[in-house]
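Q: missing the sequence, but the structure's below:
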C-alpha cells in the first residue's frame, strides 16, 4: 500500500506554489512591464492570504481541531480569490467598451474612499481590467489564477481534513 504525503509537506508545497505565483506576478509587472489592474491586485492579495494559511499550517502542523481551522482558512482564501478571478474572466470575455474604465489607481481610491466602497468600485469596474495582455497556453492570467485556486484550495482542504 503506497504511503500518503504528510499533511505538513502538502501545506509547505501549497505555500511554495503561492510564492511562485506571486513571484511571477511581480516578474511580469516589473520585468515584462505588465501593469496590474485593481482586480489583479485583489487576486494577488488572495494568493498571499492562501499562501500565509498554507505556511501557518505547515509550520504549526496542528492536531485534528487545528487542521480543520486551516482547512477552512485555505478554503476561504481560495474561494474568495477564485471569485475575483472569475469576475475578471467575465469582464475580459465581454465585448470591448462594455465596461467603463476602472478609474483612478487603487492607491488613490484607498485614500479617497472607505475600503468597502473601493472593493465595490473595483468589482463593478472594467476598463483596463478588460484588456487581455498576457496568455500562456491560450489562457489568460486570471484563468490561470482560477485553475490554481481551485487546485490549491482542494489540496489544502483535503490534506488538512483527512485522518
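A: Noted; the coordinates are in hand. All values reported here derive from a predicted model rather than from experimental measurement.

Q: mean confidence for the longest helix anywhere in the chain?
A: Determined from DSSP state H, the single longest helix within the chain is helix 64-93. Confidence for helix 64-93, expressed as mean pLDDT, is 92.

Q: stretch 7-22 too?
A: 96.

Q: and residue 110, how far is that from residue 118?
A: 6 Å (C-beta to C-beta, to the nearest Å). All C-beta atoms are positioned from the backbone trio N, CA, C, and that covers glycine.

Q: meant to ask about residue 130
A: 19 Å.

Q: those two: who's more crowded?
A: residue 130 (23 against 19; other C-beta atoms under 10 Å).

Q: surely the more buried one touches residue 91?
A: Yes: counting by C-beta atoms under 8 Å, residue 130 touches residue 91, with 5.1 Å between them.

Q: just the pLDDT at residue 50, thanks.
A: 98.

Q: can you report how many residues lie near it?
A: 30.

Q: can you check residue 43 too?
A: Neighbour tally, residue 43, other C-beta under 10 Å: 26.

Q: now swap in residue 142 and tell me
A: 25.

Q: swap in the one 3 residues further on?
A: Counted with other C-beta under 10 Å, residues neighbouring residue 145 total 26.

Q: residue 21 too?
A: Other residues close to residue 21 by other C-beta under 10 Å number 22.

Q: ok, now which ones touch it?
A: Contacts here follow C-beta atoms under 8 Å, 6 or more residues apart in numbering; on that basis residue 21 touches 47, 145, 148.

Q: list the contacts for the second one?
A: Read it as residue 145. 21, 43, 47, 81-82, 85, 88.

Q: can you redo those as JSON lines with distance to residue 6?
A: Output for these, formatted as JSON lines (distance: C-beta to C-beta, whole Å):
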{"residue": "21", "distance to residue 6": "23"}
{"residue": "43", "distance to residue 6": "29"}
{"residue": "47", "distance to residue 6": "24"}
{"residue": "81", "distance to residue 6": "25"}
{"residue": "82", "distance to residue 6": "26"}
{"residue": "85", "distance to residue 6": "29"}
{"residue": "88", "distance to residue 6": "35"}
